[in-house]
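J.: no sequence on hand, only this structure:
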């Protein structure tokens, strides 16, 4: 078994808000991230898959195929979008780095042939990132 | 139960140190620590990467509020270590301020952070040296 990691970038806008709370409570908990005009980041996504090396190709997965899956399932949906307004899962989840990692896991899990999703890492900036290892991890 | 995620935050600080042990001779210090033993010390831009795990709160979407973590880091770590001489600090009075020992000290400090479970301390001393500490009793082998 070997781990393989592929990166992709996307740039998106977001803000933090919980509809169940007052404006004051949102401002207290989320600070300037609660500004409803939103703000943006250059995100870096790292997808790590685990699998066995195919004795013929020497691949765990075909990297081009993994790149295409990440593009189709994540980057084409998130890139240059406002996560709160344009990405369906963030109608009900605050688009924090933690939740973005979970949402990306759910988008990719089970879609990568011959390999098991091992970790989704999302960098919101070089000094902040979240890792998700699956629902039961 | 909500899912568990890991959150990592990186903090930089600049500090000086000198690797020297009083119990051994000047020659032995020189042999052991090389130029790190130079009398007046030297400095690094350190990067401390702290990783916490916890259930992602369904109301906030967070393992822990970064404002709390940043305030804790400012108060408990950066105010102490940034632009300081590590050898003069209480925690290194009887301990060589190697980055290994610094990692263990940061573990001691961050393990008192009340809002999430500390998983790992990584300290990068330079772009080429980094040290990971997973707490006392943690298995030596770890993924990554």
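T.: Yep, that arrived. Since this is a predicted model, take the numbers as computed values, not measurements.

J.: in which helix or strand does residue B:29 reside?
T.: helix B:26-33 (DSSP states H and E).

J.: in that helix, which residues are buried?
T.: By neighbour count on 16 or more other Cβ atoms under 10 Å in any protein chain shown, the buried set for helix B:26-33 is B:29, B:33. Backbone N, C-alpha and C define where each C-beta goes, glycine included.

J.: what does stretch A:75-82 give?
T.: For stretch A:75-82, burial by neighbour count (16+ other Cβ under 10 Å) applies to A:75, A:77-78, A:81.

J.: same thing with stretch A:101-114?
T.: Within stretch A:101-114, the residues that count as buried by 16+ other Cβ under 10 Å are A:101-108, A:112.

J.: what is the mean pLDDT for it?
T.: For stretch A:101-114, mean pLDDT is 96.

J.: now do the same end-to-end measure for that stretch.
T.: From the first residue to the last, stretch A:101-114 extends over 22 Å; the measure is Cα to Cα, to the nearest Å.

J.: residues in contact with it?
T.: A:45, A:47, A:49, A:51, A:54, A:60-61, A:65-66, A:69-70, A:73-74, A:77, A:87, A:89-90, A:93, A:117, A:120-122, A:130-132, A:134, B:3, B:5, B:56 (Cβ atoms under 8 Å, 6 or more residues apart in numbering or on different chains).

J.: if we go to 6 Å?
T.: Contacts of stretch A:101-114 from elsewhere in the structure, counted by Cβ atoms under 6 Å, 6 or more residues apart in numbering or on different chains, are A:49, A:51, A:61, A:69, A:73-74, A:89, A:117, A:120, A:122, A:130, A:132, B:3, B:5.

J.: stretch A:25-38 now?
T.: Around stretch A:25-38, the neighbours that count as contacts under Cβ under 6 Å, 6+ apart are A:13-17, A:82, B:67.

J.: one more time with 8 Å
T.: Contacts with stretch A:25-38, where a contact means Cβ under 8 Å, 6+ apart, come from A:13-18, A:21, A:39, A:82, A:84, B:60, B:65, B:67.

J.: and these, which are buried?
T.: Among these, those buried by neighbour count (16+ other Cβ under 10 Å) are A:13-18, A:21, A:84, B:60, B:65.

J.: ranges for the helices of chain A?
T.: Listed in chain order, the helices of chain A (DSSP state H) span A:23-30, A:63-70, A:76-78, A:83-86, A:97-108.

J.: next, format the ones you listed as CSV and append distance to residue B:120.
T.: Compiled in CSV, the helices of chain A are given as follows (distance: least, Cβ to Cβ, whole Å):
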stretch, distance to residue B:120
helix A:23-30, 26
helix A:63-70, 26
helix A:76-78, 28
helix A:83-86, 28
helix A:97-108, 16
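
J.: look up the pLDDT of residue B:71 for me, please.
T.: At residue B:71, the model reports a pLDDT of 98.

J.: please see if stretch B:126-141 touches chain A.
T.: No. Using Cβ under 8 Å from any Cβ of the partner chain, we find that stretch B:126-141 stays clear of chain A, coming within 13.3 Å at best.
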